[in-house]
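Colleague: Build me a model from this:
(one chain, ligands or ions: 1)
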Amino acid sequence: MHFQWYPGHMAKAKRMMQEDIKLIDVVIELVDARIPYSSKNPDIDVLAKNKSRVILMNKSDMADQRYNAAWKEYFEAKGYFVALVNSKSGTGVKQVQDIVNKACEAKIERDKKKGILNRPVRAMIVGIPNVGKSTFINSFVGKASTKTGNKPGVTKGKQWIRLSKFTELLDTPGILWPRFEDQNVGLKLALIGSINDSIIDSLDLALELILVLSKYYPEVLANRYGIETVLSVDNLQGALKLLEKIAVKRSCLIKGGEPDIRRAAVFVIDDFRTIKLGNITLEFPDDRKNKDKDKDKDKDKDKDKDKDKDKDKDKDKDKDKDKDKDKDKDKDKDKDKDKDKDKDKDKDKDKDKDKDKDKDKDKDKDKDKLVTDGKDI
Ligand code: G4P
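Modeller: Numbers count the residues shown, from 1 in each chain. Below you'll find the model as predicted:
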């Protein structure tokens, strides 16, 4: 199954966020606690480089408490300040101010050293659509806040909400596009309702959900649908068989008594979204850690490849140098040959000179003969 989903307004949102991020000190990113990895946008790490980072695991009331704690640890180990929140009821929202303060401690200290005192930290909320940004802002800001209005020059056209003496929040949240590194991530985003249902086949969604449930929550299938849980369901064929059983149990049948798997699929997805299946998390920190390790290994391999390439380049350079040396030697040899030729020429000249001398001698001898010949006469 393949799908593409990148609406044009997402590109515009990214450009706007690039501008907004320059104005702020701390980025508060909301993720969905049921899929904390897939609902977290990787681009924000690049956009918000050098900013303090807070992750709020929202909708924690819908996710599995055991994995909430494990995911919190996972992100904290990566250097984020993390809180579990339920923006709808307000649970956990109060602690966010403390966490923001902690995240900005280093920045406040830096300001103090520069002599800047009491400048409020500026925060921005970001997250993918439907993750609960508006609900969180309403809950976080409450009635105590006041809008500070435009600040000409510095924050042209931006509205800030004063949360306290120490914190200001950018009024409009940054909308992030979900990550689409693989189809699996897309399926999970669709399951929590972040992607329009019309884009993905509900049968594919239900099968993905059943695969996760049979592996991590086998009792849920048994309790809710009264079907024997087959722990070995680790492929789509197995998941399809389970869906057929669910269809029969729920009397989702087509003419002739055949199971109506499409109707059953919608049924199961709806049960998940309305928490009738209980608190379910769809991705798990241990799996992620293993994938992180694989990624690190791949990076190491890439580094090794780069090193090998560098070595090859060095070798090529050495070869080129050797060739240059050989050329220089050849040139020297040519020069020597030229010198030898010059010497030979000199020798030839000397020989010519000797010959000339011999000729002169012969001439002298002839003269002597004439003199003696004259005397004789
Ligand atoms: P967005 O601004 O990021 O797009 O999301 P928004 O606040 O509009 O929230 C999307 C939906 O998620 C809303 O439900 C909202 O009530 C719900 N929601 C937000 N935070 C939480 C939370 O922590 N727990 C739970 N359980 N739900 C949360 P809706 O169905 O669109 O509207 P409604 O139910 O509020 O009428």
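Colleague: State the mean pLDDT of the helix or strand harbouring Val100.
Modeller: Element membership for Val100 (DSSP states H and E) is helix 95-113. The pLDDT scores in helix 95-113 average 91.
Colleague: That helix vs the ligand: in contact?
Modeller: No: applying CB under 6 Å from any ligand atom, one finds helix 95-113 separated from the ligand by no less than 12.4 Å. For glycine as for every other residue, the C-beta is placed from the backbone atoms N, C-alpha and C.
Colleague: Just checking: what are the partner strands of the helix or strand just after that helix?
Modeller: Sequence order places strand 121-127 as the next helix or strand after helix 95-113, per DSSP H and E. Pairing partners of strand 121-127, with direction, according to DSSP bridges: strand 26-32 (parallel), strand 167-170 (parallel), strand 174-175 (parallel).
Colleague: Quick one: classify Lys12 as helix, strand or coil.
Modeller: helix (DSSP: H, G, I helix; E, B strand; the rest coil).
Colleague: quick one: it from Ile175, how far?
Modeller: Distance of Lys12 to Ile175, given as CB to CB, to the nearest Å: 10 Å.
Colleague: Looking at the two, which is more packed in?
Modeller: Neighbour count, other CB atoms under 10 Å: between Lys12 and Ile175, Ile175 has more, with 19 against 11.
Colleague: My read is that that one contacts Pro129, right?
Modeller: Yes: assessed by CB atoms under 8 Å, Ile175 is found in contact with Pro129 at 6.1 Å.
Colleague: what does the stretch 51-200 of the chain put close to the ligand?
Modeller: 58-59, 61-62, 86-88, 127, 129-135.
Colleague: gap between stretch 172-186 and the chain center?
Modeller: Its chain's average C-alpha position is 12 Å from that of stretch 172-186, according to CA atoms, centre = their mean, to the nearest Å.
Colleague: Kindly provide the whole-number mean pLDDT of it.
Modeller: Per-residue pLDDT over stretch 172-186 has a mean of 80.
Colleague: Flag every buried residue along it.
Modeller: Applying a neighbour-count criterion of 16 or more other CB atoms under 10 Å, the buried positions in stretch 172-186 are 173-179, 185-186.
Colleague: how far does it stretch from start to finish?
Modeller: One end of stretch 172-186 to the other measures 26 Å (CA to CA, to the nearest Å).
Colleague: Most proximal residue of the stretch 1-150 of the chain with respect to the ligand?
Modeller: Gly132 (2.9 Å; CB to the nearest ligand atom).
Colleague: residues contacting the residue lying closest to that residue once chain neighbours are set aside?
Modeller: Among residues not flanking Gly132 along the chain, Asn58 sits closest, at 4.4 Å (CB to CB, 6 or more residues apart in numbering). Residues in contact with Asn58 (CB atoms under 8 Å, 6 or more residues apart in numbering) are 30-33, 85-87, 127, 131-132, 135-136.
Colleague: Please convert the residues you listed to TSV, extending it with distance to Arg162, pLDDT and neighbour count.
Modeller: Output for the contacts of Asn58, formatted as TSV (distance: CB to CB, whole Å; pLDDT from 0 to 100; neighbours: other CB atoms under 10 Å):
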residue	distance to Arg162	pLDDT	neighbour count
Leu30	21	97	27
Val31	26	97	24
Asp32	29	98	27
Ala33	29	98	28
Val85	21	98	26
Asn86	25	98	21
Ser87	20	96	25
Gly127	22	92	27
Val131	24	94	28
Gly132	22	94	20
Thr135	20	94	18
Phe136	17	94	24
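Colleague: So the spatially most central residue of the chain versus Glu19, what's the distance?
Modeller: Centroid-nearest residue in the chain: Pro42, 5.4 Å away (criterion: CA atoms, centre = their mean). Counting by CB to CB, the gap between Pro42 and Glu19 amounts to 20 Å.
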